[in-house]
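> Sequence below, structure please.
(one chain, ligands or ions: 1)
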Amino acid sequence: MSNAATDNTPAILQARQEFLSNGSVEQGAIAEAIERSWRRCLANGIDTNSPQSLEVVTAQELALKREKNQQLLKLAQPEMETLNEQIAHTRNVVILTDDEGVILHSLGGHHFLNEEQRIALSAGASWNENHRGTNAIGTVLIEQSALTVQGAEHFMAYHHSLSCSAVPIFGAENQLIATLDVSNDFNMSQQHTLALVKMSAQMIENRLFMASHKGEIALHFHARPEFIGTLWEGVAIFTDSGQLVATNRSGQFQLSLNTSNTASQQAINFNNLFDVPFASLLRQVGSTDKLIVPLRLNNGARIYVQMEPLNKKPQISTTPPATVKRTSAANLDLLDSGDAKISRAVQQIKQVLSRDIPILIQGETGVGKELFARAIHEASAQHKGPWVAVNCAALPEGLIEAELFGYEEGAFTGARRKGSPGKIEQANGGTLFLDEIGDMPLSLQARLLRVLQERTVTPLGSTKTIPVNFSLISATNLKLKEKVESGEFRSDLYYRLNGLSVALPPLRERSDLQALIDVILNIEQAGAIEITPEVRAIFQAHTWPGNIRQLHNVLRTALALADGAAISTLHLTQDFIDEMSLSKPSLIANVATANPVDLDDLTNQAIRRAMQTEAGNVSAVARQLGISRNTLYRKLKTMGIA
Ligand SMILES: Nc1ncnc2c1ncn2[C@@H]1O[C@H](COP(=O)(O)OP(=O)(O)OP(=O)(O)O)[C@@H](O)[C@H]1O
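Numbers count the residues shown, from 1 in each chain. Just a heads-up that it's a prediction; the model follows:
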C-alpha cells in the first residue's frame, strides 16, 4: 500500500515496540482483539517487515466464489452502494469479502488509489490473516465481531498507512459467511465509519434472513415498540399453524432462544414462547396491517409485536433508524396494558368499530378519554378521514354554535364576515370528537340532536342543508346520567350519544400502573431508563388525583431531572412529595429528596430534552410540553437558543 503519512498514536507504536521485544503488552495498551491477533501472527511466523505479497485468486476461482455467494452479492450490492454514497466525500473503498477473506466486490476509491492499491482492494484479492497479518477483514473473520484496525495496529509495517473497519455478516443459519469493510489509505477516525458499516451489515443480514426462509407469517418484535421496523427488530417466521421456522439474531436474543440452529428452532411453537395462543393473535390482528400489539413472553417480559403475512408482502422493512417515528400512544392495543376493565373496554370498542355506533367515554379528568377516542378513530375504517375534536367547555356559548355548525358568508360582521364550515362539516368522512359534552348548553343540545338524527347540518345564516357522515365519539368527566336526572342534559341526546358507554377507571383503581409507567417511558423514548423499586412503590401507593396525565407529567419531570440515570426519589418534585405526604405520610417520611427544585431550571431542562427528542421542531416541542408556540419561543429566547 502507499506510504502516505501516518498518524498512529504514539501509544500504539509503543505497545507494538513492547510486544515485538517482549512478546506481550501492558494490559489495556491496545484492544484485546488486536493483541490476540498479534499473537497469532507471531505464532504463524509472519514477518512484520516483509514486503507486500499480493495474494490474488485466479479469475476462475473468483467466478466460482461469486457464484457460490450469488444471493449474498445480489442483496449486498444495493447496501454497498448506499454505504458508498454515505462516505462519498472521503477517500474510502467499500469491500465485501467471502468467509475466507477474498474480496468478492469492491466499490469506490478509483480516483485516489494507485495501481498496486487498486489490485489489493479489488475483487479476487485475499485479506486472510494468515498471510496479511492483523487486518480488519482477516481478523474479523477470526474474532467474529466488528473491529477497526488502524495504522500501526496492522501487524505488517507495510499496512501502517491503512485504516479499516470491518463487520462480520452472518447468514440465514447464523454462520459467518462474509465481511463488509470500509478501508482508506490514511489514518482518519473510524468511529463513525464503523457504525455505518455495522448498520449496512445488519441490513444485509436482515435481507438474507427474509430471503432464505419460507413461512406464512413473520412477526416483527421488540421490547420497545418504536424499534419495530428498524434494524434492531427481532424477526421470527412461523408456519400458519404457529410452528417456528427461524428467527434472526436479534430475535434469538430477545426470545432467549439458546439455539441458533434452525432445525432445533423448528421444534418450537409460538405457544411455547408467548402467553397467548397463536390462533388468538391471528384473530386479534386479523387483516389490520401494521398494527402493533403488546404481548407477554412466557417468562413474563412485555414485548410488542407486528404481524406480516409473507405471501402478501415478502420484504423486511428497511426504514433507517433516523426516520423512525415516535410511537403514538393512540393505539387501542397499546392502551390495553393489562387492567381488566380497560381490556374489557377495548374488546367492546373493537366489537362496535366502524358500525356507526356512537361511543360515549366517561371518566375523571386525565384518565385518557381523548387518547382512547383518538385510538378508536385510528383503528376505525374511517381512519384516513379527518379527526375533528371540539372542546365544548372551552368555548363561550355564542361561539360554540358557529364553531360546530359553521356560518354562511354575511352571517357575521367584522372579522368573521366570510363564511366558514363548522366542525361537524369538517368531520365529514371521519370522526367528530365532542369533549366535555356535559358542558354543552341546553339550547345547542337540541340542534346537535337534530344533526345526529337527520345527518345534515345547516350553517348559521343559511337555509341550505349539507349532508354529513361521520362517526361520533363524546367524552365527559361529569356524571352525565345525573345531569339528565337534574334536567341539565337532554335525555334524548344522552341516549343518542350513548350507543356504547365506556367507563375509564381512575388510575388509583387500575391494576396495571407499573405497565403504564413502562408505556409512558416508551412514549418518552426512555424505555431503557430504570426506576428504583422505592419510586415504583411510592407510585403504587399514590392516589393520583390527576390520573395518567399527572403520572405522565411526574415521569417527564423526573426524566429531565435524572438526565439519563435511574429515576430515584431524588428526581421527584417537592410538589409531588407534598401531595403524597398528605395521603401516605408514613411512606414518604424517610424519602431522600433533592434540594428544593428551581422551577426555572426544571422548565429549561424539560425544554432542552424535548428540543432534542423532537429534533428542534418547535411545534412538536410545544405540543409535547403542553405550552403554546409563543410561550416556547419566549422561553427559548431567554435560554439563548432562539
Ligand atoms: N394509556 C395511556 N398511556 C399513556 N399515557 C396516557 C394514557 N392515557 C392517558 N395518558 C396521558 O394522560 C394525558 C391525558 O390524557 P387525555 O387528555 O386523553 O385524558 P382525558 O381523560 O381526556 O382528560 P380531560 O378529561 O382532562 O380532558 C395524555 O396526554 C397522556 O399524556
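> Determine the three-state secondary structure at residue 378.
helix (DSSP: H, G, I helix; E, B strand; the rest coil).
> ah, wrong one, I meant residue 244
Three-state call for residue 244 (three-state DSSP): strand.
> With residue 232 instead?
Quick answer, by three-state DSSP: residue 232 is coil.
> For it, give me the backbone phi and psi.
Note on residue 232: its backbone torsions stand at phi -100, psi 0 [degrees, to the nearest 10].
> my guess is it meets residue 250, correct?
Yes - contact status for residue 232 versus residue 250: in contact at 5.8 Å, counting by CB atoms under 8 Å. No exception for glycine: its C-beta is placed from N, CA and C like everyone else's.
> ok, these two, which is more surrounded?
residue 250 (21 against 16; other CB atoms under 10 Å).
> contacting residues for that one?
222, 232, 233, 234, 235 (CB atoms under 8 Å, 6 or more residues apart in numbering).
> roughly how far apart are residue 295 and residue 221?
Distance from residue 295 to residue 221, counting by CB to CB, to the nearest Å: 8 Å.
> the more surrounded of the two?
The residue with more neighbours, out of residue 295 and residue 221, is residue 221; 27 against 18, by other CB under 10 Å.
> and that one, what element?
If you go by DSSP states H and E, residue 221 is part of strand 217-222.
> mind listing the helices for the stretch 501-642 of the chain?
Using DSSP state H, counting those that start in this stretch, the helices found in the stretch 501-642 of the chain span residues 513-523, 533-541, 547-562, 574-583, 585-588, 599-613, 618-625, 629-638.
> Tell me which of those helices lies nearest to the ligand.
Judged by CB to the nearest ligand atom, the one of the helices of the stretch 501-642 of the chain that comes nearest to the ligand is helix 547-562, at 3.6 Å.
> circling back to that earlier point, and the contacts of residue 250 as TSV, adding pLDDT and distance to residue 451?
Output for those, formatted as TSV (pLDDT from 0 to 100; distance: CB to CB, whole Å):
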residue	pLDDT	distance to residue 451
222	87	44
232	77	49
233	85	45
234	90	49
235	92	48
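> mind giving me a markdown table with the helices of the stretch 501-642 of the chain and columns for mean pLDDT and distance to the ligand?
A markdown table is the format used below for the helices of the stretch 501-642 of the chain (pLDDT from 0 to 100; distance: least, CB to the nearest ligand atom, whole Å):
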| stretch | mean pLDDT | distance to the ligand |
| --- | --- | --- |
| helix 513-523 | 87 | 5 |
| helix 533-541 | 89 | 14 |
| helix 547-562 | 86 | 4 |
| helix 574-583 | 77 | 16 |
| helix 585-588 | 62 | 23 |
| helix 599-613 | 68 | 13 |
| helix 618-625 | 72 | 10 |
| helix 629-638 | 74 | 17 |
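> Can you add mean neighbour count and give those back as TSV?
Shown next, in TSV, are these (neighbours: other CB atoms under 10 Å):
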stretch	mean neighbour count
helix 513-523	20
helix 533-541	15
helix 547-562	20
helix 574-583	15
helix 585-588	14
helix 599-613	16
helix 618-625	17
helix 629-638	14
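> Let's have the ones you listed in JSON lines, adding distance to residue 254.
Output for those, formatted as JSON lines (distance: least, CB to CB, whole Å):
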{"stretch": "helix 513-523", "distance to residue 254": "15"}
{"stretch": "helix 533-541", "distance to residue 254": "23"}
{"stretch": "helix 547-562", "distance to residue 254": "24"}
{"stretch": "helix 574-583", "distance to residue 254": "34"}
{"stretch": "helix 585-588", "distance to residue 254": "36"}
{"stretch": "helix 599-613", "distance to residue 254": "24"}
{"stretch": "helix 618-625", "distance to residue 254": "29"}
{"stretch": "helix 629-638", "distance to residue 254": "38"}
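> closest to residue 9 out of those?
Closest to residue 9 of the helices of the stretch 501-642 of the chain, according to CB to CB: helix 599-613, at 32.2 Å.
> Could you find the closest non-adjacent residue to the residue of the stretch 251-400 of the chain found nearest the ligand?
Here the residue of the stretch 251-400 of the chain nearest the ligand is residue 368; by CB to the nearest ligand atom that distance is 2.6 Å. Spatially, and ignoring its direct neighbours in sequence, residue 368 is nearest to residue 548 (5.2 Å; CB to CB, 6 or more residues apart in numbering).
> and what of residue 311?
residue 216 (6.7 Å).
> cool, and residue 462?
residue 408 (3.9 Å).
> dump the residue contacts of residue 209.
172, 235, 246, 248, 316.
> Which of the residues in the helix or strand containing it are classified as buried?
Using DSSP H and E, residue 209 falls within helix 191-212. Neighbour-count burial for helix 191-212, counted by 16 or more other CB atoms under 10 Å, picks out 193-194, 196-197, 199-210.
> repeat for stretch 150-164
150-156, 158-164.
> now it, how far from the centre of its chain.
Its chain's C-alpha centre and that of stretch 150-164 lie 39 Å apart, by CA atoms, centre = their mean, to the nearest Å.
> so how far does it reach from one end to the other?
6 Å (CA to CA, to the nearest Å).
> Could you do stretch 356-375 as well?
Using CA to CA, the two ends of stretch 356-375 sit 16 Å apart.
> so how far is that stretch from its chain's centroid?
Going by CA atoms, centre = their mean, where stretch 356-375 is centred and where its chain is centred differ by 26 Å.
> What mean pLDDT does that stretch get?
Taken as a whole, stretch 356-375 carries a mean pLDDT of 93.
> hmm, back to that, among the contacts of residue 209, name the ones in helices.
Using DSSP state H, no member of the contacts of residue 209 sits in helices.
> Quick one: which of these is the most crowded by neighbours?
The contacts of residue 209, ranked by neighbours (other CB under 10 Å): first place residue 248, 27 neighbours.
> Look up how far residue 144 lies from that one.
Counting by CB to CB - residue 248 and residue 144 are separated by 17 Å.
> Which positions within stretch 359-376 qualify as buried?
Buried residues in stretch 359-376, counted by 16+ other CB under 10 Å: 359-364, 366-376.
> Of these, which belong to strands?
359, 360, 361, 362 (DSSP state E).
> What residues are bridge-paired with the second one?
The one in question is residue 360. Beta-bridge pairing of residue 360, defined through DSSP bridges, involves residue 474, residue 501.
> The nearest residue to residue 369 once chain neighbours are set aside: what's it in contact with?
Nearest non-adjacent residue to residue 369, counting by CB to CB, 6+ apart: residue 475, 4.0 Å away. Residues in contact with residue 475 (CB under 8 Å, 6+ apart) are 360, 361, 362, 363, 369, 370, 373, 433, 434, 435, 436, 437.
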